Each structure stands twice: as structure tokens, then as C-alpha cells.
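Undergrad: here are the coordinates; sequence isn't available:
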């Protein structure tokens, strides 16, 4: 167990809807990263939050947005859902004091868009 | 960030030692080499990380030659539960992690 938790575990939405996924980071970690993993592929970096500010973004459209709270937990919001958004969404926490930026992943949220 | 190349798949048998090699020719001075394991529908699990020479923990060993352009993850005496996808990554402080396609390891009885 990494101490990183995500909710909900599974979610089913329809095209055009909006979704919010949540992540609680491991104790002592101030950085949270979000990844999208389609079936059979490696995780793809969405963005990273450090001390409530976005600290890097992958190749995802603006309808993917996020927040980090003072307790370092985080949310991923996706607007105007598309069928291709169906994936496992992973949250990982890390500490900026770790020079190797070791990331510890949560169990993920399985999103299905119909 | 340096790109990594690793075999798409590997097969082995219970009790054997498995070595998965990863190449990262463009690794930079500040980069660390990290390996993750992932089971279906679960988040990747950190296995081991190193900078140079050899690192060993209770799960695996990581061998890194002096030029650091490659690394080898060694899993001693594998079991069926080691069947998973293994990712080799090069990471740097305060930067995003780029996952490749990983190596799909299948262990047979």
C-alpha cells in the first residue's frame, strides 16, 4: 500500500457530461501528478500540481483541469466527456525533497464514457 | 527526458531468474533510473531506483553500467505472481514521468 487513495473506484458517465476524480496524497508528499491510462498502453502524463499550482502539463486539452488543496489532496476535472476519455485515471504523489522524484501511485479510477 | 527502449514481452518459468534490460542512450547527469511494476487495473508499483552501479532491495536488483546508457532489472526466483508489465523510466527531479509501453512478463508454472 502506498498511502495514496483515489475515489471513486469506478464511474460511468455519458458523452458530454462532466466528471470529478479525487486523490489523497501520501503523508508528507506535496506534489500530485495525474495520468491517463488507456487499455493496453502505458500511463500518459496529464499534469502535475505542486503546492496548489500547476507545475507541468502533458498533451491534454484544456477541458482537463485540476486543483490541489492546502492539504495536498487533488481533483481532476474533465468537461465535455468524449468516448475516448474512457480509461484508468491514476494519481501519484511525490515529495519535491526527493531528488529522484519517486512517485507513488494510487489504485486508480476506472472511467467509462458511454 | 531520455527515451527508454525495452523488450515488448518476455516469458519465463517459476523459480528462474529474470533479467529485463532497458536502454536509455540519452540519459542526463541528473537522471535517475526507476522501475515500476503494474498488474491489470491497478496503479504502477515502485520496484527499485538507482543512479549508478548496483542497487538491491528485498524485491529486485538493478544493475547500471558505468556509462549509464542501459540498466538491467533482475528478479530472482520468479513466481506466477510476478506476471505483470514492467516499466523502465528515466526521471529527474521535479519533472514529469514518461512511461513507454513496458515489458509484459509472463511466468509459467
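TA: Ah, there it is. In this text the structure is predicted, and so the values were computed from the model without any measurement. Residues are numbered from 1 along each chain as shown, chains lettered A, B, ... in the order given.

Undergrad: Mind telling me what element the residue sitting nearest the centre point of chain A is part of?
TA: Closest residue to the average C-alpha location of chain A: residue A:34 at 2.9 Å, with C-alpha atoms, centre = their mean. Element membership for residue A:34, per DSSP states H and E: strand A:31-37.

Undergrad: So for that strand, mean pLDDT?
TA: The pLDDT scores in strand A:31-37 average 94.

Undergrad: Contacts for that strand next, please.
TA: Residues from elsewhere that reach strand A:31-37 (C-beta atoms under 8 Å, 6 or more residues apart in numbering or on different chains): A:23, A:25, A:43-50, A:55, A:60, A:66, A:68, A:72-74, A:76, A:85, A:87-96, A:101, A:103, A:108, B:94, B:96-97, B:99. All C-beta spots, glycine's among them, are computed from the backbone N, C-alpha and C.

Undergrad: try 7 Å this time
TA: A:23, A:25, A:43-50, A:66, A:68, A:72, A:74, A:76, A:87-96, A:103, B:96 (C-beta atoms under 7 Å, 6 or more residues apart in numbering or on different chains).

Undergrad: ok, residue A:93 to residue A:33 distance?
TA: Separation of residue A:93 from residue A:33 (C-beta to C-beta, to the nearest Å): 8 Å.

Undergrad: Bridge partners for residue B:19, pull those for me.
TA: Beta-bridge partners for residue B:19, by DSSP bridges, are residue B:74.

Undergrad: For chain A, what lies in contact range of chain B?
TA: By C-beta under 7 Å from any C-beta of the partner chain, the residues of chain A that approach chain B are A:33, A:41-43, A:45, A:48, A:56, A:58, A:88, A:90, A:96, A:99-108, A:110.
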